[in-house]
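[1] Need coordinates for the below:
(2 chains)
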Amino acid sequence: MNKSNLSRREFLRLSAAFAAAASAAGCRPVAPTATTELTPIPTAAPAEPTAIPTAAPEEPVDIQFWWGWTPEIHVNAITAAVRKFEEYNPSIKVSTGQHEWGEKLTTAFAAGTPPDLFILGEVRTYASKGVVIPLDDYMAGSTIANRETFLEATIEAQTWKGKVYGVPSLEHGPGLGVVFNVKMLEERGLKAPDDLPDTWEKAWEQILEYSQVEDNGNIKLLWFEPEVGTWVWWACTYDVLAYDNEAMKITFDDPRWKDILDYAVRYNQHFGPEKVKAFYESFPGWAAVSGCALCAEVLAGDINGFWAPGELAKTAPDKKFVYSWIPMPESRKGTTIQQVGGHCALISKDAKQHDAAWKLAEYLTTEEVNKIMFDGCGFLLVNKAFLANPRAVIGPDQWENMKFYIESITQASQVYGDNISPIDTFIWDQYSRAYDAAIFGEKTVEQALADLQSACSEELAKSISGT
Amino acid sequence: MTSQTIQRRSSWSPTERREYLKGLVFISPWLIGFAAFVLYPIIASLYYSFTYYDLLRPPRFIGLENYREILFQDQFAGKVLYNTVYYVLLAVPLGTIVAFLLASLLNTRLVGRSFFRAIFFVPSIVPVVSSAMVWLWIFNTQYGVIDSTLASLGLPVIPFLSSPEWAKPSFIIIHCWSSGGAMLIFLASLRDVPMSLYDAAKVDGAASWARFRHITIPMCTPAILFSVLTGIIGAFQYFAFAWILTRGGPNGATEFYSVYLYRNAFSFLKMGYAAALAWILFLIVMAVTMAVFRSSARWVYYGGSTD
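    Sure, this is the predicted structure:
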């Protein structure tokens, strides 16, 4: 399947309130950065969430706060958090709005009327163009949202030329895991976690053995969707980057990318690329959609993030799923990985109220907001405070399903953060083209990657230089 | 032709000037709207086409760089133009033929003619998004009505929207389905054909096909010209169905020019590049339109008096 034809961001725009409380629309999957040392998850009883007092500015101020999610459950949850903030800060009035994932936001920037604070994943897109302010000084002076509050990998991923421009906010959590239908495993005598694919080769063997195809070539049952079109997940498993932020260069010329696309070609050619695409026309991939492939049991397993348990609880309440580690290439067999990423709060350079905007951004990282968001729509903000006491946010009813994703952050051999480049949307588009060209045989894998590297490198240079 | 001496006035009388200003005042709402929402954006887009502009930073003048890149460097520009020309060359003639044939059918003494006229016209007024959702279902390879029927008959299924070979023809099918607007115009044109011509032809022994070929079609050529011209202009800007159904896939097979332009503008924030694409499209459409116009002297028959 090539989910990159419908990126998560576009899906989030299209999907309405499919899930109620405890369902989540997850963030975009991202590629690797640094590792981090973490403390294990404690098993003590959850503490009661407490209000975080914040100092009010001396004079009344108005600020604008935008985010991208439009479904009612997200809007209600975020608005509830904002109203709580206003209670603690009566002199700060917050006007809220949705920026619809970029178009309205960029228009506002072009018009010189950007929001003071906004939530987005593509931090470097805005940081590289100099339209948002670095947050290092604010973070250094904060006891709530300083550099130590967050996992180093997640903060490092929001830097541009050494400065931090975005602070993880509202929805920033673990995105890597396999999801498998328990009944479909048991029907074939398989048990989790031992029989779950721990390598891509094992996944391929299971795909061949358990998938079913009709006489006319239509896929009747796809055992496992390897999600090769979602390059960021595969990049984590191969420990390869698409964008090196230190060197500020595109790295699709790394030979590991060939292994990734070779797998995609093999997978698609086995079923026929038009059949794979047709399968996902019929059965949407996203677990939040009723009638999705997992819900309809035409797909036994795929790769999904922390949002999946909540989504499947709503769209497939009568089915039981198990969650485990994402498969790895043979060369990294035995390594367990997790990736923590998502959305961040950014402050516009042209905002009139930087201090007040920071106050709100700071508050949005608190446990209180985390609880409001998780209860309201299943979003999670994973930072060290959360990991120290996750059950303060995740209730006992949801813990069993969420356990793998939360515990994997501290148990993984390697944890990755976001790896968003200044031209993230362009890279996604170009990768999708290279992917399609390779699976449909228009180009060899080598040629597709070479063209991808060339196009993205050129675009990156133009974007950074502004010409 | 009578000769007239036209006196050129060097100035207006106060009354004429007053009348002129009154007229301007009356049309000023339209003038202001035109200037603000049509003229200014056109001029602005021309300017932006010579800049690098990503909306987040001020536009930076780069001369003809965008045009040079589109014409000589862009690896996708050729493919999207090919996709668009393919669509224009097939969809416009086929759509015109389907509309004309439907109009010809409706121009006969047919029971339930009003009902059929409405049925054929409705697709052209159904909102694009709604009809796109229906076509997604119709074309679905697993459970769509066409492929389900084929599968039940033991025939191979057609991967309409998931195959690069079939994707463009699928959009041409959709275009033919929505030919109701052109059909109505042809119907009006058919009604205008003088019966005396048919009577005379019958007297001369012309069969129905001969009458259709030598009377009906020539007399409708002005409407055909209009339909072809508007069809060409619309086809070159084909966007909505492609964006909703396939987003330009699979493998770029349905990435039409406007889809590519939109993507550059609103996904990649390359406003200057997209503006240059728009102006190149304008020049292409202008050239094709003028060519069709020039050719019309040979095949369009205007029944009125000629100079």
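[2] is it true that A:His343 touches A:Val123?
    No. The criterion here is Cβ atoms under 8 Å, and A:His343 misses it with A:Val123 at 9.2 Å. Every residue, glycine included, has its C-beta placed from N, CA and C.
[3] what secondary structure does A:Pro168 sit in?
    strand (DSSP: H, G, I helix; E, B strand; the rest coil).
[4] give me every residue that touches it.
    For A:Pro168, the contacting residues are A:150, A:154-155, A:158, A:342-344, A:365, A:381-383, by Cβ atoms under 8 Å, 6 or more residues apart in numbering or on different chains.
[5] Flag every residue of the stretch 201-307 of chain B that's near chain A.
    B:247, B:249-252, B:263, B:266-269 (Cβ under 8 Å from any Cβ of the partner chain).
[6] What is the nearest of these to chain A?
    Closest approach to chain A among these (Cβ to the nearest Cβ): B:Asn251, at 3.9 Å.
[7] Which pLDDT does the model give that closest one?
    pLDDT for B:Asn251: 96.
[8] And it, its phi and psi?
    Main-chain torsions, B:Asn251, degrees, to the nearest 10: phi 60, psi 40.
[9] what's the answer for the one 4 residues further on, then?
    Its backbone dihedrals place B:Glu255 at phi -80, psi 90, with angles given as degrees, to the nearest 10.
[10] What are the phi and psi values at the residue nearest to it when sequence neighbours are not counted?
    Of all residues not flanking B:Glu255 in the chain, B:Gly248 sits nearest, at 3.4 Å (Cβ to Cβ, 6 or more residues apart in numbering or on different chains). Here is the backbone geometry of B:Gly248 (degrees, to the nearest 10): phi 100, psi -10.
[11] Please apply the same query to A:Val415.
    Here is the backbone geometry of A:Val415 (degrees, to the nearest 10): phi -120, psi 130.
[12] Please report the distance of it from A:Cys236.
    10 Å (Cβ to Cβ, to the nearest Å).
[13] Overlap in contacts, these two.
    Contacts common to A:Val415 and A:Cys236, judged by Cβ under 8 Å, 6+ apart, are A:337, A:339.
[14] quick one on the thing from earlier: can I have the buried ones of the contacts of A:Pro168 as a PyMOL selection?
    The buried residues among the contacts of A:Pro168 can be selected in PyMOL (16 or more other Cβ atoms under 10 Å in any protein chain shown) with this line:
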select buried, chain A and resi 150+154+155+158+342+343+344+365+381+382+383
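[15] which ones among the contacts of A:Pro168 come in contact with chain B?
    Within the contacts of A:Pro168, nothing lies near chain B by Cβ under 8 Å from any Cβ.
[16] Take the contacts of A:Pro168 and keep only those in strands.
    A:342-344 (DSSP state E).
[17] confidence score at the closest residue to B:Trp243 other than its chain neighbours?
    Of all residues not flanking B:Trp243 in the chain, B:Val259 sits nearest, at 5.8 Å (Cβ to Cβ, 6+ apart). B:Val259 is assigned 98 on the pLDDT scale.
[18] State the number of residues packed around B:Val259.
    As a burial measure, B:Val259 scores 23 neighbours (other Cβ atoms under 10 Å in any protein chain shown).
[19] A:Lys320 now?
    Neighbours of A:Lys320 (other Cβ under 10 Å): 13.
[20] Could you chop chain B up by domain?
    B:14-66, B:74-299 (automatic domain parsing).
[21] in the stretch 151-300 of chain A, what spans have low per-residue confidence?
    Within the stretch 151-300 of chain A, no stretch has pLDDT under 70.
[22] From what I see, A:Asp239 and A:Arg332 are in contact.
    Yes. With contact defined as Cβ under 8 Å, A:Asp239 and A:Arg332 form a contacting pair (6.9 Å).
[23] Cheers, nothing more for now.
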